[in-house]
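Visitor: here is a sequence together with a model predicted from it:
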Amino acid sequence: MENTIEVKNLTKKYKNLTAINDLSFSVKKGEILGLLGPNGSGKSTTINCLLSLLSYDQGSIKIFNEEMTPDSYEIKRKIGVVFQEVAIFEELTVKDNIDYFCGLYIKDKNTRKKYIEDAIKLVGLEKFKKFYPKQLSGGLLRRLNIACGIAHKPKLIFLDEPTVAVDPQSRNNILDGIQKLRNQGATIIYTTHYMEEVELICDRIIILDKGKIIASGTLDELKSLATIEEKVSVEVQDLEEKYLEEIKKLKYVDLVTYQNNNLQITYKKGQNNISHLIDFFNKNKIAYNKIFSERPTLNDVFLELTGRELRNE
Amino acid sequence: MRHNFKYTLKILFQNKALIFWTFAFPIILGTFFNMAFSDIEKNEKLAIIDVAVVKNEKFENDEFLKNALKILSDKKNKDQLFNIEYVNQKQAKKLLVEDKITGYLIVTNKPKIVIKSNGINETIFKYIIEEITTTKKMVNIIANNRLYKEIPTNKISNIENFYTSIYKKILSLKDESINIKDISNKNLSYTMIEFYTLIAMACLYGGIIGMTAINNNLPNMSNKGKRIAISSIPKKKLLLSTVAASYLVQLIGLILLFIYTIFILKIDYGDNIFLIILLSLVSSLAGLSLGITVSCLIKSSENTKTGIILALTMFCCFLSGMMGITMKYIIDKNIPLLNKINPASMITDGFYSLYYYDTLSRYTKNIISLLIFSIILLVIATFCLRRQKYDNI
């Protein structure tokens, strides 16, 4: 499939600090690429370099098969950006804000009018068209921020942490909107430090840490990098120490922790681990509640690769 | 680019803080000035300054000074400025100690003013004596030169014509020549000077408009700037339309101020309305340039930049005499260069020269100075704005 973006050996330094270190990757047409990494890992810097806002020390960036420069207005015409920080005018209404930013790309008034309506519908701001930003909640502001970035129907969209500090309803709305944009044919680069979002919407993921790519691939490919296979959580009242020791000896068990009546068991591999555990409880007449099983998350992958938690960064 | 121009206007007019500082504040201040100074002005017009002159040999021999003071203290003259007592130095000192006079003049090697404190009357007294002395010096220099050249050739046939030609020569050399006639023709209006500094302030406050608008366009200054910078409109077009819209908003504010002061406060700016408009246009450009340059050079929040422009403008206006004409005189006397590079001084001086002088050379000089000031700042700003990529944002 045709590549929309091709980045080769991109390096960006701030004096002694290397913000991006020899980054190479490509983004295929129509895919959602997730850039995942803790704060300060170089996600936003990468996007700013791709957009030619920031100078870089080394490397090349091609977008739509052309070298990206600050004067590449034809390329810019096809790009939409939603920055991490809300970038709208407090002095303009919701509709005027979208009209202003859309008008920087679309000259024809009638086309623009239609596009604005589409954008408003996509982010669910139909009831707030005449509202001023100060009248909107944080979540609605984020939605407006997205509408301003995508109203001109770009073919390539950069979304830089668009869901930071939003309520669950707005988050779901935003994530739905992103999937709709992809269905309409847009290529999307999505940066976040929320792994759940990446798992939910991204086709391919690049994990960044300290400006370097530490892993990339599909969700399954990345999860296969984790040495653990399954994590089981069980609510058990007052479990005796001797049983804990016995559980540790069960087949494929890697790690056992017990805190606040919550028993957590990590399995390296194996099948039917839960049924074996239930058999053990029944045999020893141990009462239990709520039993959960989960596959390794991207946080586990990040933990394996860096020794640090992604979510705590 | 009409779209950006239209929305920049809309954004600027909706910005309440901006409209307050650039539209409302000068009007409010003007109202206060009018309330505070109109009575003073009425009293000042009637007040004749009591001064003394020490009668000594050197004064008696200085015909030029004697005549000048005679005209200025002539009771038949409706523009009489001084009430002069001719006394000896001891009596003059006594009069001054007893607060019966503003100050006294004593001619030793050159005329010297003795005053007790600083004030408007003292300033006028010092100013006029200095003007008389300067004018006398010029007359002497030119007369000596001409006499030296023309006596041997017998070219001087009519002494009256000779002095007339010298007087014209002085006017051409010294455009701001406040001769005795000029001083007595018009009252020195402090209210007018306050209003000139008010207009200067309004023009320079326009810098906040330029700063705000440009700030919105710069990716290293605001998030909106980042979004605008990655749009498909060339930077040059965006900035030009932004600056044009800012300038228009600034001019609208200035027009409102003029309308208010002329029609409501009944301020008389003089007859040369087109020249007043021209000076206002150039002054606004200077204000705009200041704002754009601050916006480009200082990387801090919009509020900080607004504070910087407000403080800078107020300081310039203070130096140009907004809080008291004495300051303008002090700066003129001690650090004349400061008034030459102070845009507020250039603006007030431009208006002042239009009001008081018949010649336009001083006015033109101020217009040119303001244009040079604007061009220098715009060149600096353009240099900064040309940047397409940033090291950090």
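Guide: Okay, I see it.
Visitor: domain-wise, how is chain B divided?
Guide: Residue ranges for the domains of chain B, per automatic domain parsing: B:2-39+B:189-385, B:47-185.
Visitor: rebuild those as CSV, extending it with distance to A:D238.
Guide: In this view, the C-beta of every residue, glycine as well, is placed from N, C-alpha and C. Output for the domains of chain B, formatted as CSV (distance: least, Cβ to Cβ, whole Å):
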stretch, distance to A:D238
domain B:2-39+B:189-385, 54
domain B:47-185, 90
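Visitor: got any ranges where chain A has weak pLDDT?
Guide: Confidence mapping of chain A against pLDDT under 70 gives the ranges A:270, A:310-313.
Visitor: contact residues of it facing chain B?
Guide: Counting by Cβ under 8 Å from any Cβ of the partner chain, chain A comes close to chain B at A:14, A:48, A:51-55, A:70-71, A:73-74, A:76-77, A:79, A:81, A:83, A:85-89, A:91-92, A:96, A:100-101, A:103-105, A:107, A:148-149.
Visitor: among the domains of chain B, which is the most enclosed?
Guide: Most buried of those by mean neighbour count (mean count of other Cβ atoms under 10 Å in any protein chain shown) is domain B:2-39+B:189-385; its value is a mean of 20.
Visitor: how far out from the middle of the chain is that one?
Guide: 14 Å (Cα atoms, centre = their mean, to the nearest Å).
Visitor: let me know whether that domain sits next to chain A.
Guide: Yes. Contact of domain B:2-39+B:189-385 with chain A (Cβ under 8 Å from any Cβ) involves B:3-4, B:7, B:10-12, B:14-15, B:216, B:219, B:222-224, B:226-235.
Visitor: ok, back up a step: from the residues of chain A next to chain B, which land in helices?
Guide: The helices, defined by DSSP state H, take in A:48, A:73-74, A:76, A:96, A:100-101, A:103, A:148-149 from the residues of chain A next to chain B.
Visitor: what's the PyMOL syntax to select whichever of those residues are buried?
Guide: In PyMOL, this line selects whichever of these come out buried by 16 or more other Cβ atoms under 10 Å in any protein chain shown:
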select buried, chain A and resi 48+76+96+100+101+103+148+149
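Visitor: and the ones in helices among the residues of chain A next to chain B, which is closest to B:T261?
Guide: Using Cβ to Cβ, A:D96 comes nearest to B:T261 of those, at 34.2 Å.
Visitor: what are the C-alpha coordinates of stretch B:377-387, in PDB please?
Guide: In PDB, the C-alpha atoms belonging to stretch B:377-387 read as follows (Å, rounded to 0.1, in the frame of the first residue of the first chain):
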ATOM      1  CA  LEU B 377      11.100  48.700  14.100                       C
ATOM      2  CA  LEU B 378       9.400  47.100  11.100                       C
ATOM      3  CA  VAL B 379      12.700  46.000   9.700                       C
ATOM      4  CA  ILE B 380      13.600  44.400  13.000                       C
ATOM      5  CA  ALA B 381      10.100  42.800  13.100                       C
ATOM      6  CA  THR B 382      10.300  41.600   9.500                       C
ATOM      7  CA  PHE B 383      13.700  40.000  10.200                       C
ATOM      8  CA  CYS B 384      12.100  38.000  13.100                       C
ATOM      9  CA  LEU B 385       8.900  37.200  11.200                       C
ATOM     10  CA  ARG B 386      10.700  35.800   8.200                       C
ATOM     11  CA  ARG B 387      11.600  32.700  10.200                       C
END
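Visitor: got a list of contacts for it?
Guide: The contact list for stretch B:377-387 (Cβ atoms under 8 Å, 6 or more residues apart in numbering or on different chains) reads B:214, B:218, B:235, B:239, B:286, B:289-290, B:292-293, B:295-297.
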